[in-house]
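> Quick one, what's the 3D model for this:
(2 chains)
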Amino acid sequence: DTEVTQTPKHLVMGMTNKKSLKCEQHMGHRAMYWYKQKAKKPPELMFVYSYEKLSINESVPSRFSPECPNSSLLNLHLHALQPEDSALYLCASRPRGLEGETQYFGPGTRLLVL
Amino acid sequence: TQLLEQSPQFLSIQEGENLTVYCNSSSVFSSLQWYRQEPGEGPVLLVTVVTGGEVKKLKRLTFQFGDARKDSSLHITAAQPGDTGLYLCAGEENAGNMLTFGGGTRLMVKP
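Prediction:
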């Protein structure tokens, strides 16, 4: 099983809303990632969690707040987003985050901010 | 940050033609992964290459990692409409726990 699941698949929210994106994997992976992808562009790294601890934050605005409640779950809390934050948000995982390991992506959440 | 240049950016070909996508960097990568992505979906892993000079085949797809581990190529033989999609290469920074993505190649195969 090499599956990373993400919910919801689609999300529409207003600029004053608070919402959360969820990511789950049951492969025993200890490195998990959030990416943002705009149309026709490659994914851009936002956050990296290693053994449930935030290890990399790529200068992401504070209106995005990640959380890793356990080794299988990764959340991205959204608050006061802007229309330019509309994008495909991808979650990914790797076994230990070590060299040569394959990274597996979820199907993504397509977010529209109105 | 290591830069990964991918070419061509766009490619439109007829069914049955062959094509090659290139991924180049001035820096050394410890490994490189190729993904295919369809609109609105997440990238799906095609292959991971880790050894300089390595060649891997996946049906009509042939992947090569350069001897110096600075470049890689993806060759598709007898392309089919089902090959249409965005192809992404992603290199791993040494012990950096993160991938650097190329700009992507958008392939369209016409029947």
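> Which pLDDT does the model give the residue positioned nearest the centre of chain A?
Taking C-alpha atoms, centre = their mean, the centroid of chain A lies closest to residue A:34, which sits 2.9 Å from it. The confidence metric pLDDT takes the value 97 at residue A:34.
> What is the burial count for residue A:76?
Using other C-beta atoms under 10 Å in any protein chain shown, residue A:76 has 23 neighbouring residues. Glycine gets a C-beta too; all of them are placed from N, C-alpha and C.
> Pull out the buried residues from the helix or strand bottoming out on mean pLDDT in chain B.
Every helix and strand of chain B was ranked by mean pLDDT, DSSP states H and E. The lowest is strand B:99-101, at a mean of 88. Neighbour counts over strand B:99-101 (16 or more other C-beta atoms under 10 Å in any protein chain shown) mark B:99-101 as buried.
> ok, those vs residue A:84, which is closest?
residue B:101 (20.1 Å; C-beta to C-beta).
> What about residue 110, how many residues nearby?
All of this is about chain A. Neighbours of residue A:110 using other C-beta under 10 Å come to 18.
> looking at chain B here, not the other one
With other C-beta under 10 Å as criterion, residue B:110 counts 11.
> Output the buried residues of strand B:99-101 as a markdown table; include the columns distance to chain A.
Formatted as a markdown table, the buried residues of strand B:99-101 follow (distance: C-beta to the nearest C-beta, whole Å):
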| residue | distance to chain A |
| --- | --- |
| B:99 | 6 |
| B:100 | 9 |
| B:101 | 4 |
